[in-house]
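S.K.: Everything below, folded, please.
(chains A and B)
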Amino acid sequence: LIVDLNARKKPEFRAGDTARPGDVVYDLTHRFGGQPHVGIVIKVSEVKPGEPALLVLSLPGLHSDEDRETSARTWPWKSKPRKDQWKADVLARRNDIGARRSAEVARIARDNWGEFIKVGSSDPSRQWNLHNYKRTRKDRLGRILFLSGTCVGFVEHCYEQAKLDLVDDDDRLSLPEVEDRPGLVKDLRAAIGPKADAYLRDRTLMSNSQLCAFSKDDYPHHPASDEACHLPSHYQKRLTEDEIEQIVDRVALRAIERERRKS
Amino acid sequence: MADMPLSTVEAYLEQLYGRLDQATEGDLDSVAVDFINFVEPGRRDLISRSLPAKAEGLVHNRKPGAAVALEVCGHLELASSAPAFEAALENRAFHRLTQVIAAQRVRLLPIEDAELLGRLGRLVRDRVDGWLSEDDIDAVRCAIPSVPLLLRGEALPWLTRLVKGHLVHDDPQIVECAARAARLLAVNRSSLVPDSSLYKDCVEEFFRVASTHHLVRGPNPEQRSSDEWAAAELTEAIGAFAGWASSWSKGTPDRADEAALFLTERFVCGSAGEQAGATAGARHLLEACGERLPDVLRLALQSLSQTQSSKEGSSV
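M.R.: The predicted structure is shown next:
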């Protein structure tokens, strides 16, 4: 089940907006290479009186946008965020599980929180994590803990540990190569320049594949069938505020140029 | 890199060591990324010969690169790097990131020597106490799980104090971390020696505190997100401790009945997180002493360990 948090009517929800711990939330507004940023809902809370937000545990995205809060911790995600916050656009939920199983996912996420690698996570655009999007290790108690990776790798790990696999990523060859996604290649090159070429042959889990799994209620979802997924049409392409600003600037510049030529 | 001849790989490793020597706090991230990527393709043997000594040298010379060296030593589970970890934890004036990584990764080292484990455990415990007084929650969160893994039963009084102290005051995040660490200790029963006085002094206190106090909502969103999870950890820990005590005491300890009742009550009245904790706690208790519990409680625990909750999400 996916729920468009921007839609005026949210038929999938009962009265009002509801969310529960363990749900997954996507920011489709600030995408990197067409891939939304993603995290796990820990709690629904009011950041300030009358200002509800989803408290979301997420790993840094691949975004090179350093303005946004990107360290691995719980942040408020809102439908009307400040400039430095993530936007809660889509809420995704496995409809085949109850609130308790879902809460187990959130507990696993919190259990892993103290294990993250503390060095390298603020490297520009975190592109190195594409190489190994889900780096885990078994501890002495037999728990499999998440050390580093991408935001989508972390969500996948937490669901797998709760025995609720979302995307079938066991066979690495079934995952797309970075160079199969022109948008991702373009954004990577913009973020890190020619160093991006070293990552083109890496295979990585795309957050859109996970979104497809929720959208089709198909678990574990096979990434090869992503093409058949239909997300709400307005998510196919949404301009960010910066993009709109750039377009406005370009139009304004052209108008000024025209005026200059006339004069 | 994977197909490179050994001499080239060795030369690259030397180059990485050079970068560790020169690294400042500002460029630590890029060295770390290159080093961690270098370690991946199975070069353990090559690195394990030289890295522990390198790490120790960096720690003694107070180089920021020590943080990366310790991270990689932990990642490769190099027990021979224990002196470097010990030196990093001993020196309180050392660069914070190095100390955090030392406290976080020391639990990965396969150390058998009980004396060394005890020394390292006490050093981490002291560092956590220091970070608690500085309100450095991020460091505390990374370090707390190391204490029970290194100190085993010796960690229990300290964890109980943390739970008790922070529950009554203001910080559910610390309660959550400490309760989780205590729970892991109880679940991994081989790490606790059967000891009725330890049970009486710590576990009963833990139980009493957990079942009588209510968590206080913290002042910021991150803290507020922790209260439910602290309660969940406490709930599971109670089941795990009662199970641990039952596993070595002959009869059913009184607390097992009480714990079963507490878990059932939390499952019915608690939040989704507490339900998840109650379910896991019920599993521990059933596993340890299911057949010795009164029929009513056993049946109640069995049904809650199997039932899916019908509760839906909370309203925004």
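S.K.: got the residue ranges for the helices in chain A?
M.R.: A:99-112, A:128-131, A:151-161, A:182-192, A:207-216, A:241-262 (DSSP state H).
S.K.: CSV for the ones you listed, including mean neighbour count?
M.R.: Where you see a C-beta, it was placed from the backbone N, CA and C, and this is true even at glycine. Below are these laid out as CSV (neighbours: other CB atoms under 10 Å in any protein chain shown):
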stretch, mean neighbour count
helix A:99-112, 25
helix A:128-131, 24
helix A:151-161, 26
helix A:182-192, 17
helix A:207-216, 24
helix A:241-262, 10
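S.K.: I'd like to know which of these is closest to B:V193.
M.R.: Proximity to B:V193 (CB to CB) singles out helix A:99-112 among the helices of chain A, at 25.4 Å.
S.K.: Buried residues, stretch B:146-155. List them.
M.R.: Neighbour counts over stretch B:146-155 (16 or more other CB atoms under 10 Å in any protein chain shown) mark B:S146, B:V147, B:P148, B:L149, B:L150, B:L151, B:R152, B:E154, B:A155 as buried.
S.K.: From the opening residue of that stretch to its closing one, how far?
M.R.: End-to-end distance of stretch B:146-155 (CA to CA, to the nearest Å): 10 Å.
S.K.: what's in contact with that stretch?
M.R.: A:140, B:103-104, B:106-107, B:117-118, B:120-122, B:124-125, B:128, B:156, B:158-159, B:181-182, B:184-185, B:191-193, B:195, B:198 (CB atoms under 8 Å, 6 or more residues apart in numbering or on different chains).
S.K.: Show me which of these are buried.
M.R.: Among the contacts of stretch B:146-155, those classed as buried by 16+ other CB under 10 Å are B:103-104, B:106-107, B:117, B:120-122, B:124-125, B:128, B:156, B:158-159, B:181-182, B:184-185, B:191-192, B:198.
S.K.: now the helix or strand containing B:G281: mean pLDDT?
M.R.: According to DSSP states H and E, B:G281 maps onto helix B:272-289. Averaged over helix B:272-289, pLDDT sits at 84.
S.K.: Please save the CA atoms from that helix in PDB.
M.R.: Coordinates of each C-alpha in helix B:272-289 appear next as PDB, following Å, rounded to 0.1, in the frame of the first residue of the first chain:
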ATOM      1  CA  ALA B 272       2.700  -1.300  19.300                       C
ATOM      2  CA  GLY B 273       6.300  -1.100  20.400                       C
ATOM      3  CA  GLU B 274       5.500  -2.500  23.800                       C
ATOM      4  CA  GLN B 275       3.400  -5.200  22.200                       C
ATOM      5  CA  ALA B 276       6.400  -6.200  20.100                       C
ATOM      6  CA  GLY B 277       8.600  -6.200  23.300                       C
ATOM      7  CA  ALA B 278       6.000  -8.200  25.200                       C
ATOM      8  CA  THR B 279       5.800 -10.800  22.400                       C
ATOM      9  CA  ALA B 280       9.600 -11.200  22.400                       C
ATOM     10  CA  GLY B 281       9.700 -11.300  26.200                       C
ATOM     11  CA  ALA B 282       7.000 -14.000  26.200                       C
ATOM     12  CA  ARG B 283       9.100 -16.100  23.800                       C
ATOM     13  CA  HIS B 284      12.100 -15.900  26.200                       C
ATOM     14  CA  LEU B 285      10.000 -16.800  29.200                       C
ATOM     15  CA  LEU B 286       8.200 -19.700  27.500                       C
ATOM     16  CA  GLU B 287      11.500 -21.000  26.200                       C
ATOM     17  CA  ALA B 288      13.000 -21.000  29.700                       C
ATOM     18  CA  CYS B 289      10.200 -22.200  31.900                       C
END
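S.K.: do you know how far the spatially closest residue to B:V128 that is not a sequence neighbour is from B:V203?
M.R.: Leaving aside its sequence neighbours, B:V128 sits nearest to B:A143 (CB to CB, 6 or more residues apart in numbering or on different chains; 5.0 Å). Separation of B:A143 from B:V203 (CB to CB, to the nearest Å): 23 Å.
S.K.: Near B:E77, how many residues? Count them for me, please.
M.R.: Close neighbours of B:E77, defined as other CB atoms under 10 Å in any protein chain shown, add up to 15.
S.K.: Same question for B:A259.
M.R.: Quick note: B:A259 (other CB under 10 Å) scores 31 neighbours.
S.K.: what's the burial count for the residue lying closest to it once chain neighbours are set aside?
M.R.: Excluding the flanking residues, the one nearest B:A259 by CB to CB, 6+ apart is B:A242, at 3.6 Å. A count of neighbours around B:A242, defined by other CB under 10 Å, yields 31.
S.K.: mind listing what B:A242 touches?
M.R.: B:F207, B:P253, B:R255, B:A256, B:E258, B:A259, B:A260, B:H284, B:L285, B:A288, B:C289.
S.K.: ok, and the most crowded of the residues you listed?
M.R.: Within the contacts of B:A242, B:A259 tops the neighbour count with 31 neighbours, counted by other CB under 10 Å.
S.K.: Please report how far the residue lying closest to B:R266 once chain neighbours are set aside lies from B:A179.
M.R.: Closest residue to B:R266 apart from its sequence neighbours, by CB to CB, 6+ apart: B:A278 at 4.4 Å. Noted for B:A278: a distance of 14 Å to B:A179, by CB to CB.
S.K.: same deal with B:V100?
M.R.: Where B:A179 is concerned, B:V100 sits at a distance of 21 Å (CB to CB).
S.K.: which of these two has more neighbours?
M.R.: B:A179 (30 against 24).
S.K.: For the helix or strand harbouring the more buried one, name the packing helices and strands.
M.R.: Per DSSP H and E, B:A179 falls inside helix B:172-187. Here helix B:172-187 touches helix B:137-143, helix B:146-151, helix B:155-168, helix B:221-224, helix B:227-248, going by 3 or more CB pairs under 8 Å, 6 or more residues apart in numbering or on different chains; DSSP states H and E.
S.K.: mean pLDDT lowest for which of the ones you listed?
M.R.: helix B:221-224 (a mean of 52).
S.K.: For the closest residue to chain B within chain A, grab the count of nearby residues.
M.R.: Ranked by CB to the nearest CB, the top residue of chain A for proximity to chain B is A:R20, at 3.1 Å. For A:R20, the neighbour count with other CB under 10 Å is 23.
S.K.: Would you mind confirming that it makes contact with B:Q275?
M.R.: No: taking CB atoms under 8 Å as the definition, A:R20 is not a contact partner of B:Q275, at 11.3 Å.
S.K.: Now list whatever residues contact both of these two.
M.R.: Residues touching both A:R20 and B:Q275 (CB under 8 Å, 6+ apart) are A:A99, A:A103.
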